[in-house]
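Q: my questions concern the predicted model and sequence given below.
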Amino acid sequence: MFTGIVEEVGQLLSSTRTGATTRLCFGARSVLTGLSLGDSVAVNGCCLTVVECDRASFAIDALDETLARTNLRQLEPGEHVNLERPMALGDRLGGHLVQGHVDATGRIAEPAPHLAIEVPVALHPYIVEKGSLAVDGCSLTVVSANSGLVRIEIIPHTARATTLARKATGQLVNLEVDVVAKYVERLVHAGAPSPYLRKGAP
């Protein structure tokens, strides 16, 4: 579980294809502290497993499913990415609950600071004004969501601390909607009696 508060901006050092797997190696500093094989790191909001690490970099293996559903497939060596380690119990939740499970990609319609993103129709019901949305792993507050276009104002600190200010019109970003909204929808449409509600309970 992540918070959507980016710890640092890393850089893709190499991309190596082997069969159905692509190994991506990222240069980093802060997220390497205490990092071990098998740990998770969110890269542009995508939760990935560390398969190699040293004092200056770490590597992950991405399957075709991951590449097809995220913007990681478009990364070229030298490009920058947002990085975050999972939150620890007792940490402050500065953003919102982010699973690192990318729901879809959106396309930049207007760059930061007045960020506008074209969002797939399937995600429209889960995005509301003043609600939370993870964009490339950044926990952001939605200013407006109309006709498939989500608008978000990017403050100077976020622009400096993430890759969002580097995104140009037409580029893809990873999107993860609030997991609470998905569970609420599932419960509302389940149509089955709840085992947690007793007869006659208020």
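A: In hand now; what should we look at?
Q: and the residue nearest the centre of the chain, what does it touch?
A: Among the residues of the chain, Gly45 comes closest to the average C-alpha position under C-alpha atoms, centre = their mean, at 2.3 Å. Listed by C-beta atoms under 8 Å, 6 or more residues apart in numbering, the contact partners of Gly45 are 2, 4, 82, 98, 100, 102, 134-138, 174, 176. From N, CA and C alone the C-beta is placed, and that goes for glycine too.
Q: quick one: residues contacting Glu8.
A: Per C-beta under 8 Å, 6+ apart, neighbours of Glu8: Ala28, Arg29, Ser30, Val31, Leu83.
Q: and the two most separated of these?
A: Taking C-beta to C-beta, the two most distant members of these are Arg29 and Leu83; they sit 9.5 Å apart.
Q: those two: which is more packed in?
A: With neighbours defined as other C-beta atoms under 10 Å, Arg29 and Leu83 compare such that Leu83 has more, 25 against 13.
Q: that's a strand at that one, yeah?
A: Yes. Under DSSP: H, G, I helix; E, B strand; the rest coil, Leu83 sits within a strand.
Q: separation between it and His124?
A: Noted for Leu83: a distance of 29 Å to His124, by C-beta to C-beta, to the nearest Å.
Q: for the closest residue to Arg55 other than its chain neighbours, phi and psi?
A: Distance criterion C-beta to C-beta, 6 or more residues apart in numbering; nearest residue to Arg55, sequence neighbours excluded, is Leu32 at 6.8 Å. When quoted as degrees, to the nearest 10, the phi and psi of Leu32 stand at phi -80, psi -20.
Q: and if you look at Thr70?
A: Per degrees, to the nearest 10, the backbone of Thr70 is at phi -130, psi 170.
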